[in-house]
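Undergrad: no letters, just coordinates:
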């Protein structure tokens, strides 16, 4: 079975803290993605990566950065967390263009 | 710009058929996908249409008209477990980058 694993299901951080969200996939997929999901807004793409060390901004990259040093791992970094970054964060991976993304279980981040 | 529109809620009766619509505007179309998401769960892939027409997978079917910017998901023989949110997503810009709609919450009643 395809598996995408996110390091933490629930996190509580304080404003200004640096936050790392980790995602690992075991399918040897080229593409990896970070989305955030908020009620009424759906999933919004933050960043994606199509190869090791390659990254592209999505629709809402402000306040975020990413790292992909190995093919199986894609990290989302909040340099200085703010309350408006309280959200559900979903990582996904996919092979090349198939329309199918494989999602992790999500990381619910609360910034106080 | 890119936009996807879906109804926010749909209700139906167990055993019935329900259709969930999705209209979209996008530059650079790479296909349209449908996902199911139960409360507290991750989205799971249901179907993908790259070309016009109907794709069927068991009780679920998805239709695409590229000229009209329109798709629908058809669910037959509804079961209580089909109560979930259904998300349409368009591929945009290659690399399997998907832009999602806000989702339609389906409530199935006995």
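TA: Yep, it's here. Everything numeric in this text was worked out from a predicted model, so none of it was measured.
Undergrad: so what's residue A:67 up against?
TA: A:74-75, A:77 (CB atoms under 8 Å, 6 or more residues apart in numbering or on different chains). Where C-beta positions appear, they are placed from N, C-alpha and C, glycine not excepted.
Undergrad: how about the most centrally placed residue in chain A, secondary structure?
TA: The centroid of chain A falls nearest to residue A:34 when counting by CA atoms, centre = their mean (2.9 Å). The local conformation at residue A:34, judged by DSSP: H, G, I helix; E, B strand; the rest coil, is strand.
Undergrad: and it, what does it touch?
TA: Residue A:34 touches A:21, A:23, A:45-48, A:58, A:64, A:66, A:74, A:76, A:89-91, counting by CB under 8 Å, 6+ apart.
Undergrad: first-to-last residue distance for stretch B:21-41?
TA: Taking CA to CA, to the nearest Å, stretch B:21-41 runs 22 Å from one end to the other.
Undergrad: right, I mislabeled it, should have said stretch A:1-9
TA: Stretch A:1-9 has an end-to-end distance of 20 Å (criterion: CA to CA).
Undergrad: repeat that for stretch B:42-51.
TA: This stretch, stretch B:42-51, spans 27 Å end to end (CA to CA).
Undergrad: so is that stretch next to chain A?
TA: Yes - residues of stretch B:42-51 are located near chain A by CB under 8 Å from any CB of the partner chain, namely B:42-45, B:48, B:50.
Undergrad: just the buried residues of the residues you listed.
TA: Those of these that meet the buried threshold are B:42-43, B:45, B:48, B:50, by 16 or more other CB atoms under 10 Å in any protein chain shown.
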